[in-house]
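Student: can you look at this prediction? I've put the sequence above it.
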Amino acid sequence: MARQIEQVAAGVHRFADGAVNWYLLEEGGELTLVDAGWRDSWPRIEQAVQAIGRQLSDLRTVLLTHGHPDHLGAAERVRRAGVPVRARAPEVDRARGKARGASPFALVPKLLPHLRRPTTLAFVVHATRHGFMTPRWLTDVTPFDGDEVLNVPGRPRAIATPGHTEGHTSYHLADAGVLLCGDAMATRNVLTGDLGPRLLPDALNTDPAQTRESLAALEGLEADLLLPGHGEPWRGSAAEAVRQARAAG
């Protein structure tokens, strides 16, 4: 594999797929895929499943943190292979391309002022090459609601963290001390390249104020490993990650 999958915690595997991460949760020989990368990530998902000694028939569900095309990615292709895709109820219309502002072209006016930065331009080019502007929307999404423990491999607890999108969801693996935070926090700013726990730029958030408010839902969680949608895994308490994200502005 050109990109390697790595085990980052017991039963938790990370795949760094260019500028975005997706994750496989493994329990009792069964798998949950958290996010689905880019539109063209399907072959890499197949390879990753095989690399950890499992088969596609072991994949039980896809959990979306949110419906942006760099996280929605290959989810429809996975769904067509017979794997249900789940998202928080307010995110379903976005994942189906039906929500107002779901089109990736809605981000273009916000990004234009940032294109003078080489890092921003590189990210935009990379994302476009991997299908960000031409997403394959889901035709069927199974909704969930509430901050519940989901009955899927890994048994993650869904944590509502809206703001980046309307129904953005983080996932807490209490027994493993792991927080999969999607884009509620990042450890790499995709527009500037800045590192460390932080919010993504306001230009990428549907409701920047709500994104900041949602940090409160994460800071009290018992976790010592932060797994973001963008950037490297970060070790430290959830409270410290939130403190650094707030300080970063």
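Tutor: Ah, there it is.
Student: Glu6 - how many residues pack around it?
Tutor: 12 (other Cβ atoms under 10 Å). The way it works is simple: take the backbone N, C-alpha and C, and place the C-beta from them, glycine included.
Student: buried residues in the helix or strand of the chain with the lowest mean pLDDT, which are they?
Tutor: Across the helices and strands of the chain, mean pLDDT, DSSP states H and E gives its lowest value to helix 108-111, namely a mean of 93. With burial defined by 16 or more other Cβ atoms under 10 Å, the residues of helix 108-111 counted as buried are Leu111.
Student: for Gln198, what are phi and psi?
Tutor: Just so we're on the same page, residue 198 is Arg rather than Gln. phi -170, psi 160 (degrees, to the nearest 10).
Student: which strand residues bridge it?
Tutor: Ala186 (DSSP bridges).
Student: run a quick neighbour tally on it.
Tutor: Neighbours of Arg198 under the rule other Cβ under 10 Å: 23.
Student: for Gly249, give me the pLDDT.
Tutor: As predicted, Gly249 sits at a pLDDT of 81.
Student: that one: what's it in contact with?
Tutor: Arg198, Leu199 (Cβ atoms under 8 Å, 6 or more residues apart in numbering).
Student: what's the next secondary structure element after the least confident helix or strand of the chain?
Tutor: On the C-terminal side of helix 108-111, the nearest following helix or strand under DSSP states H and E is helix 118-129.
Student: report the backbone C-alpha coordinates of the least confident helix or strand of the chain in PDB.
Tutor: Extracted in PDB, the C-alpha atoms of helix 108-111 (Å, rounded to 0.1, in the frame of the first residue of the first chain):
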ATOM      1  CA  VAL A 108     -15.500  28.800  -3.000                       C
ATOM      2  CA  PRO A 109     -16.300  32.400  -2.000                       C
ATOM      3  CA  LYS A 110     -15.100  31.800   1.500                       C
ATOM      4  CA  LEU A 111     -11.800  30.300   0.300                       C
END
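Student: what is it packed up against?
Tutor: Judged by 3 or more Cβ pairs under 8 Å, 6 or more residues apart in numbering; DSSP states H and E, helix 108-111 is in contact with no other helix or strand.
Student: separation between the spatially closest residue to Leu215 that is not a sequence neighbour and Cys181?
Tutor: Nearest residue to Leu215 in three dimensions, chain neighbours excluded: Val242, at 4.8 Å (Cβ to Cβ, 6 or more residues apart in numbering). Using Cβ to Cβ, to the nearest Å, we find Val242 at a distance of 10 Å from Cys181.
Student: what do those two both touch?
Tutor: Leu218.
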